[in-house]
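Enquirer: Predicted model, plus sequence, below.
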Amino acid sequence: MATDLDDGFLRALKTQVLFREANERIESLAAARRFDDPTFVCECADTTCSTLLSMEREEYRHARSDERWFVVLPEHLDRATEQIVVHTDRYVIAEKQGTSGSLFQQLTGGVAHPPATRSPSRAAPGWDPVTGWSRGEPNVLVPFEQ
């Protein structure tokens, strides 16, 4: 990966943000459906990567506790711009360093994962929780009735 601010470098960072957003949706759906072991996507910079990672929800939530952290396969780590925070046989939690870390933080909004205490919700009628698109209705989450 390039270390200066060329188009390829920014594209790689945006790819990682996109994969993170996909994983956020997976985790949100898993929480709503009470799945304990969903499959997440590798958050590496390779736009052609389609590798799935086996992680427990708590492991994923830990990876989201810092906005510069993301999950990849160990062999997908870019040692020029990333440092290992957690290493397992299934995945690595890596942290963006230097300029790439600052840009990554800006692209992700500088927000870590929401706290684990959020209440379960269900989508309003007509809202697709996978794509985030509605069929004319507002994208509103309604708490489950207990």
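Expert: Sure thing, it's come through.

Enquirer: When you work out contacts or count neighbours from here on, use the C-alpha atoms and nothing else.
Expert: OK.

Enquirer: All the helices of this structure, residue numbers only.
Expert: All helices of the chain, identified by DSSP state H, fall at 7-33, 57-63, 98-107.

Enquirer: Export those to a markdown table and append columns for mean pLDDT and distance to Ala80.
Expert: As requested, those are exported to a markdown table (pLDDT from 0 to 100; distance: least, C-alpha to C-alpha, whole Å):
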| stretch | mean pLDDT | distance to Ala80 |
| --- | --- | --- |
| helix 7-33 | 85 | 12 |
| helix 57-63 | 90 | 20 |
| helix 98-107 | 67 | 10 |
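
Enquirer: want to throw the ones you listed into TSV with distance to Thr39 and mean neighbour count?
Expert: Shown next, in TSV, are those (distance: least, C-alpha to C-alpha, whole Å; neighbours: other C-alpha atoms under 10 Å):
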stretch	distance to Thr39	mean neighbour count
helix 7-33	8	18
helix 57-63	9	17
helix 98-107	23	17
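
Enquirer: Make CSV out of those helices and add distance to Glu75.
Expert: Putting the helices of the chain into CSV (distance: least, C-alpha to C-alpha, whole Å) gives the following:
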stretch, distance to Glu75
helix 7-33, 15
helix 57-63, 18
helix 98-107, 19
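
Enquirer: among those helices, which is nearest Cys49?
Expert: For these, the distance to Cys49 is smallest for helix 7-33, at 9.8 Å, taking C-alpha to C-alpha.

Enquirer: Tell me how many other residues crowd Lys80.
Expert: Residue 80: Ala, not Lys. 12 (other C-alpha atoms under 10 Å).

Enquirer: Could you do Glu75 as well?
Expert: The burial count for Glu75: 10, using other C-alpha under 10 Å.

Enquirer: separation between it and Ala45?
Expert: Remark: distance between Glu75 and Ala45 (C-alpha to C-alpha, to the nearest Å) = 12 Å.
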